[in-house]
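Trainee: Dropping a prediction and its sequence here:
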Amino acid sequence: MASLLYGAGWAGGLVFVIGLFTSILIALELGRLVWQWQVASGREPETTGVGAVASAIFALLGLLIAFTFSGAASRFDMRRTLIVQEANDIGTAYMRLDLLPQPARGELQEIFRQYLDARLDAYRAVPDRKRVDAALARSDVLRERLWTDSVMASQRTSSTAATMLLLPALNAAFDTASTRLASTKEHPPSVIFGMLFALCWIGALFAGYGMAGRGPRNWLHALFFVASLTMTLYVIVDLEFPRLGLIRVDAFDEVLQEVRTGMQK
């Protein structure tokens, strides 16, 4: 599912919503068909215990939805916080390059600008995975060069301020970047999503079975039930992949862009 959404972007999200809505609606109708089949075959439809089982399934579904939604929302907030933190760390490290003498300062500032450009390009390129990987690879090369050249420049200067202030600031900026990249890959195990979708389908099956025993089909109730489940699951998945759907963290990249604008060139 993650690879489908990542590779297809908006199209993948639309396919996901339509497929989920259709599958839940089919499960609802299957429950109704089971009831009708029992009636047509002359058998008494099963009613004993069905309500208790359906209640248990929906209780478990509600618990799982609450668990996954809470986790997705927490990870979404963490990703936004990490963007701001990276912007602050990069801004601090860039300003501390002023501790170095020329021409090393100017050379390192130019490398730093290229590094930040590569970081911005990586996240703007989503969902184009090849462009993302290329931008991240470029930022890794620039990071190594920036660190190596900063260490050499700090050793050549007579002041210890560069070593004591610049290098820790660079290390903090690089650590935050690594943490931010890791956070984009942090998702619940696939089995949890599998359980969530399976419980939705099983619950819809029991709901359709129970609704069939209460008279003619009510499309309004059925569609509201299916739409509610579909939108709930979509919001959870959207929070997990906040650069692909309606819920996005792109606006927070403006904080990094402002830092880049403050770097003059």
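Mentor: Right, received. Where do you want to start?

Trainee: Could you list the low-pLDDT ranges of the stretch 151-265 of the chain?
Mentor: Within the stretch 151-265 of the chain, the ranges that satisfy pLDDT under 70 run 213-215, 265.

Trainee: for it, what spans make up the helices?
Mentor: 161, 167-184, 190-212, 219-240, 253-261 (DSSP state H, counting those that start in this stretch).

Trainee: Distance check, Leu244 against Pro101.
Mentor: According to C-beta to C-beta, to the nearest Å, Leu244 and Pro101 sit 46 Å apart. Glycine gets a C-beta too; all of them are placed from N, C-alpha and C.

Trainee: Repeat that for Thr68.
Mentor: According to C-beta to C-beta, Thr68 stands 54 Å off from Pro101.

Trainee: Looking at these two, which is more packed in?
Mentor: Comparing Thr68 with Pro101 by other C-beta atoms under 10 Å, the one with more neighbours is Thr68, at 21 against 13.

Trainee: Excluding chain neighbours, give the residue nearest to the more buried one in space.
Mentor: The shortest distance from Thr68 to any non-neighbouring residue, by C-beta to C-beta, 6 or more residues apart in numbering, is to Ile236 (5.2 Å).

Trainee: ok, back up a step: what about the helices of the stretch 151-265 of the chain, which gets the closest to Val53?
Mentor: helix 190-212 (6.7 Å; C-beta to C-beta).

Trainee: mind listing what's buried in the helix or strand encompassing Val15?
Mentor: Assessed by DSSP states H and E, Val15 sits inside helix 10-40. By neighbour count on 16 or more other C-beta atoms under 10 Å, the buried set for helix 10-40 is 12-13, 16-17, 20-21, 23-25, 27-29, 31-32, 34-35, 38.

Trainee: what does stretch 70-86 contact?
Mentor: The set of residues external to stretch 70-86 that reach it, using C-beta atoms under 8 Å, 6 or more residues apart in numbering, is 119, 173, 176-177, 179-180, 183-184, 186-188, 236-237, 239-240, 242, 247, 249, 252-253, 255-256.

Trainee: let's see it at 7 Å
Mentor: Under the contact criterion C-beta atoms under 7 Å, 6 or more residues apart in numbering, stretch 70-86 has outside partners 173, 176-177, 179-180, 183, 186, 188, 236, 239-240, 242, 249, 252-253, 255-256.

Trainee: just checking, next helix/strand downstream of the strand or helix carrying Ala54?
Mentor: Per DSSP H and E, Ala54 falls inside helix 50-95. Helices and strands here follow DSSP H and E; after helix 50-95, the next one along the chain is helix 104-124.

Trainee: State the phi and psi torsions of Pro188.
Mentor: Per-residue torsions, Pro188: phi -60, psi 160 (degrees, to the nearest 10).

Trainee: tell me the phi and psi of Tyr186?
Mentor: Actually, residue 186 is Glu rather than Tyr. Per-residue torsions, Glu186: phi -90, psi 110 (degrees, to the nearest 10).

Trainee: That one: neighbour count?
Mentor: Neighbour tally, Glu186, other C-beta under 10 Å: 11.

Trainee: residues in contact with it?
Mentor: Arg75.

Trainee: State the distance from it to Thr160.
Mentor: The value you get for Glu186 to Thr160, if C-beta to C-beta is used, is 38 Å.

Trainee: The nearest residue to Asp238 once chain neighbours are set aside - how many residues pack around it?
Mentor: Distances taken as C-beta to C-beta, 6+ apart place Gly245 nearest to Asp238, at 3.9 Å, with adjacent residues excluded. Around Gly245 there are 21 other residues, counting by other C-beta under 10 Å.

Trainee: Would you confirm that Gly245 contacts Val235?
Mentor: No. Here Gly245 lies out of contact with Val235, judged by C-beta atoms under 7 Å, at a distance of 8.9 Å.

Trainee: Count the residues that sit near Arg248.
Mentor: Arg248, neighbours per other C-beta under 10 Å, totals 15.

Trainee: what do you get for Glu254?
Mentor: Glu254 has 12 nearby residues by other C-beta under 10 Å.

Trainee: For Met195, see how far away Phe112 is.
Mentor: 46 Å.

Trainee: So which of these two has more stuff around it?
Mentor: When Phe112 and Met195 are compared for neighbours, Phe112 comes out ahead with 22 against 16, by other C-beta under 10 Å.
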